[in-house]
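1. sequence first, then the predicted structure:
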Amino acid sequence: MTFSPSSKARLTGHDLGRFPGATLFDRLARAVCRAGCLPRKELYEAWEVARRIRRRLRGGRIVDVAGGHGLLGHVLLLLDDSSPVAVVADPAIPPSARTLHDALVDAWPRLGGRIVFEPASLDAIALTNSDLVVSIHACGDLTDRVIARAADARARVAVLPCCHDKARCEVGPLAGWLDTDVAIDVMRAVGLEARGYQVQTFVIPAAITPKNRLLVADLPATGVGYPARNDRTGTTISQPAKKP
């Protein structure tokens, strides 16, 4: 059978042989397999999102909204050790989040003490302008609230939206030309630019999820100056990340 990266089946010890390499991704995947609690799709989503974010945004406290198991926060720390901590904010943190965390700390002891699980909503988390606010598939207008809270704090932000809801999300005047989901995401990008942000857009592989549009935004005054790589042209960044 084809090993699909979009599968919601859990990765377990039976999958260890699929990731035999010495790359960071294979090492990460093996740790996830040993934990035995994470859907395959979440591994691939977190990896593809995190590496695109880190091409542009470095350092700062990570705030992973609706973070679930918190894999995105862990991977962002692995890709850039200059972030001191990752806060995983979710009103319903899975009980197995601790299992995954322990497996990752076993593989990378430097992650110990640097992940904070907060069983709380976005509104309960105080944000600052040095934070990096991230979220994968915050449903409906939760993505808009993530963007708004980050922008109010003048924090950097990166989101991979899903579940676009034209009744609650801003479509603007674009619905006559664009698919509703695309129109909503365009309005999000335009709204951030209107607030002074520099916005970049990416896509992760559609084989992982059809909801694959990634929006990354920072402010000129707080940007770290790492030009992003254009995944379509293959242009490389001028200052690559330190290898974990």
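-> Yes, it's here.
2. what's the pLDDT at the most far-flung residue of the chain relative to its centre?
-> Within the chain, residue 176 marks the point farthest from the mean C-alpha position, 30.4 Å out by CA atoms, centre = their mean. Note for residue 176: predicted pLDDT of 87.
3. just to be sure, it is in a helix?
-> No: assessed with DSSP: H, G, I helix; E, B strand; the rest coil, residue 176 is coil; it does not lie in a helix.
4. so residue 117 sits in a strand?
-> Yes: counting by three-state DSSP, residue 117 is found in a strand.
5. next, count neighbours for it.
-> Per other CB atoms under 10 Å, the neighbour tally for residue 117 reads 20. All C-beta atoms are positioned from the backbone trio N, CA, C, and that covers glycine.
6. residue 98 versus that one, what's the distance?
-> Computed as CB to CB, to the nearest Å, the residue 117 to residue 98 distance reads 8 Å.
7. repeat for residue 65
-> Counting by CB to CB - residue 65 and residue 98 are separated by 19 Å.
8. contacting residues around residue 171?
-> By CB atoms under 8 Å, 6 or more residues apart in numbering, the residues touching residue 171 are 180, 183, 184, 187.
9. I misspoke; the intended subject was residue 36.
-> With contact set as CB under 8 Å, 6+ apart, residue 36 has these partners: 10, 11, 12, 13, 99.
10. cutoff 7 Å now
-> 10, 12, 13 (CB atoms under 7 Å, 6 or more residues apart in numbering).
11. what do you get for residue 116?
-> For residue 116, the contact set (CB under 7 Å, 6+ apart) comprises 85, 87, 88.
12. shouldn't the last one be within a helix?
-> No: the secondary structure assignment for residue 88 gives strand rather than a helix, going by three-state DSSP.
13. quick check: bridge partners of it?
-> In this entry, residue 88 is beta-bridged to residue 64, residue 117, by DSSP bridges.
14. isn't it right next to residue 117, touching?
-> Yes: with contact defined as CB atoms under 7 Å, residue 88 and residue 117 form a contacting pair (5.0 Å).
15. okay, and the common contacts of the two?
-> Here residue 88 and residue 117 have residue 70 as joint contacts, going by CB under 7 Å, 6+ apart.
16. which of the contacts of residue 116 are buried? Put it as a PyMOL command.
-> To isolate the buried ones among the contacts of residue 116 in PyMOL, judged by 16 or more other CB atoms under 10 Å, type:
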select buried, resi 87+88
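17. which one of the contacts of residue 116 is nearest residue 39?
-> Checking the contacts of residue 116 against residue 39 by CB to CB gives residue 88 as the nearest, at 16.5 Å.
18. how much space separates the closest one from residue 105?
-> 14 Å.
19. same deal with residue 214?
-> Separation of residue 214 from residue 105 (CB to CB) stands at 27 Å.
20. looking at those two, which has the bigger crowd around it?
-> Shown here are residue 214 and residue 105; by other CB under 10 Å, residue 214 has more neighbours (20 against 17).
21. and the spatially closest residue to that one that is not a sequence neighbour, what element?
-> Once flanking residues are discounted, residue 214 sits nearest to residue 202: 4.3 Å by CB to CB, 6 or more residues apart in numbering. Under the criterion of DSSP states H and E, residue 202 resides in strand 198-203.
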